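1. give me the fold of what follows.
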Amino acid sequence: MTRIRQTVDDPERFQNHLTHAVPMHVQHYTPELANDIRFAVGRKLAYLREQLPAPMSRLADTVTPNAITERYSAHSVAKFARILRAVENPLDVIEDVTKGKLDRDAIEAVEATSPALYEELRLRAMAYASRKRKEIPYPRRVLLGLLFKFPADKSMQKEFILANQAAMSEEVESPPPPKPLSTNNFGESYETEISRKVL
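-> Model prediction:
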């Protein structure tokens, strides 16, 4: 994790990394392909830099930061490991989805760093949903729809959302009628404490 941070944060080091990511013969014979490779590698590194977990140790609070070993929570390390796997091996994430395994962090990583593969993943998810013979539980349908941007449940369809919004706005615009004043034993209306103070 430290290496990713150092590489991306140092412009010269970052450019050197992108240059060495492409074999010389590719740079020589197919410069356009070389540029595409460099762009893809740069995008992946930048995304990984954004997803780096924050260390638990407070380097800013010490005058000897080099003497402090960065420590991370087990949860944040496990999350970053899933993201790294998705960035380096997006085909593994596609295989996971075909088996019904949904990992939000991994899928978002594929969408950000391998958009063409994400689109294939999205199509497979839609096919998976349409082929299922058993009803997919509601929370899983919503997750499928959110991750792959398709209305996996009726509640996610545009018409349903608009109808709900219209119904809610009507409720707000039409407040309930005011309650009648209470009456005493003689049938005469009496004022509440608040109305007496106002009047």
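2. can we go C-alpha only for contacts and neighbour counts from here?
-> Will do.
3. go through this protein and flag its longest helix.
-> helix 31-51 (DSSP state H).
4. quick one: buried residues of the helix or strand following that one?
-> Downstream of helix 31-51, the next assigned helix or strand under DSSP states H and E is helix 74-88. Judged by neighbour count using 16 or more other CA atoms under 10 Å, the buried positions of helix 74-88 are 77, 80, 82, 83, 84, 85, 86, 87.
5. what's the first helix or strand after helix 74-88?
-> Criterion used, DSSP H and E; the element after helix 74-88 is helix 90-98.
6. give me the angle between that next one and helix 74-88.
-> Put simply, helix 90-98 runs at 110 degrees to helix 74-88, going by axes from the mean of the first three to the mean of the last three CA atoms, to 10 degrees.
7. after helix 90-98, next one along is what?
-> helix 104-113.
8. picking that back up, want to try TSV for the buried residues of helix 74-88, with distance to residue 4 and pLDDT as columns?
-> TSV is the format used below for those (distance: CA to CA, whole Å; pLDDT from 0 to 100):
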residue	distance to residue 4	pLDDT
77	14	90
80	12	93
82	16	95
83	13	95
84	11	94
85	14	95
86	16	94
87	13	94
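9. quick one: low-confidence parts of the protein?
-> Where the chain drops to pLDDT under 70, the residues are 57-68, 133, 152-199.
10. could you redo the last one with a cut-off of 90?
-> In the predicted model, the chain carries pLDDT under 90 at residues 1-31, 33-38, 52-74, 93-102, 117, 120-199.
11. list just the nearest of the buried residues of helix 74-88 to residue 123.
-> The shortest approach to residue 123 among these belongs to residue 86, at 17.8 Å (CA to CA).
12. ok, the closest one - contacts?
-> Neighbour list for residue 86: 92, 93, 106, 107, 109, 110 [criterion: CA atoms under 8 Å, 6 or more residues apart in numbering].
13. could you give me the ChimeraX selection string for whichever of those residues are buried?
-> Per 16+ other CA under 10 Å, the buried members of the contacts of residue 86 correspond to this ChimeraX selection:
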select :93,106,107,109,110
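14. check the contacts of residue 86 and tell me the two furthest apart.
-> 92 and 109 (12.3 Å).
15. apart from its neighbours in sequence, what residue is nearest residue 5?
-> residue 49 (6.0 Å; CA to CA, 6 or more residues apart in numbering).
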